[in-house]
Every structure is written in C-alpha cells, then in structure tokens.
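Asker: fold the following and give me the result.
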Amino acid sequence: GGVTVDNGMLTNLYIKFKEEERPKEGQVLSVDTLAEHFKLQMTDHYCVVSDGKPFIRKGKPKKVSITVEDRMGGRRASTIIRNIEVFSIDPDAFVKAVQKKFSTSGTVAPLPGKNETRVEITLQG
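Answerer: Got it, this is the predicted structure:
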C-alpha cells in the first residue's frame, strides 16, 4: 500500500522541494517516504519544563557552554558557563546554589552586545 501523489500534495507538501526532487503527480509513495517528506517541511521546536509548566520554543536548543580557563599561570582556574538561561535556569539562583554547595565565588555578567540578553557565569575553580 501507498499514497498516490495528487495536485494538492504537490502545491502544499512539496513547495520547498527542488523541481527535480518532487514526485510526479500520480506517483505512488510509501507511507514511510511520505512521512519523511512531511518531517522535512516541519520547523524544529523543543520544550523546557520549569516548575511543572512546559515552555515550547522554536528552533533547536542552544548548547550550554562550560569552559575552564587558567588564571595566574595555571595556579588558579575559572569556570565559565554560558547559555544556562535557555533551559529556564535562573543564573543568579544557580550561582548562589553553587557558591553555597562548593564554597566558591561566582559572578553573573551580561554578554557583550547591544541586543544580547544572555549572561555569562564565572566561578572560581
């Protein structure tokens, strides 16, 4: 069994396909192939659940960046965390919790840029 491609499918489902990649009207496609073609037309979304409430966001989630930088010739290190707020984590609350748990110092600073809303967390150690 399969699905026969009609004019409605060609004008709606295959609008973003290149002409040579489009199936021909009357062609029979498997359900799996049709599902794959349908998925290609969809926009990526992801869901973050915070306090039991789901927040659906468009696009792909940004990765949390954690880097360790040497300070003072390797005698001290700083851990820098970026993009944590993408997952509905309050940066200030996170820093407070880490400071208490690991007895360290931490700061929250906005990333440079006129329209930038994200922050950078710096922890000693």
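Asker: strands of this protein, residue ranges please.
Answerer: Applying DSSP state E to the chain gives strands spanning 3-4, 28-29, 45-50, 53-58, 65-71, 76-82, 106-110, 119-124.
Asker: in space, what's closest to the most centrally placed residue in the chain - neighbours in sequence excluded?
Answerer: Compute the mean C-alpha point of the chain, and by CA atoms, centre = their mean the closest residue is Pro61, 0.8 Å away. Excluding the flanking residues, the one nearest Pro61 by CB to CB, 6 or more residues apart in numbering is Tyr46, at 4.7 Å. Bear in mind the C-beta positions are built from the backbone N, C-alpha and C, glycine included.
Asker: residues touching the one you found, list them.
Answerer: Ile56, Arg57, Gly59, Lys60, Pro61 (CB atoms under 8 Å, 6 or more residues apart in numbering).
Asker: pick out the most distant pair among those residues.
Answerer: Ile56 and Lys60 (13.0 Å; CB to CB).
Asker: identify the bridge partners of the residue nearest to Pro61.
Answerer: For Tyr46, the beta-bridge partners under DSSP bridges are Arg57.
Asker: for Lys63, see how far away it is.
Answerer: For Tyr46, the distance to Lys63 (CB to CB, to the nearest Å) stands at 12 Å.
Asker: how about Asp90?
Answerer: 19 Å.
Asker: who's more crowded, those two?
Answerer: The neighbour count for Asp90 versus Lys63, taken as other CB atoms under 10 Å, is higher for Asp90 (13 against 9).
Asker: check contacts around Pro110.
Answerer: Contacts of Pro110 were listed using CB under 8 Å, 6+ apart, and they are Glu116, Thr117, Arg118, Val119, Glu120.
Asker: now swap in Gln99 and tell me
Answerer: So Gln99 contacts Ser105, Gly106 (CB under 8 Å, 6+ apart).
Asker: again, only this time at 10 Å
Answerer: Ser105, Gly106, Leu123, Gln124 (CB atoms under 10 Å, 6 or more residues apart in numbering).
Asker: any idea what Val68 is bridged to?
Answerer: Thr79.
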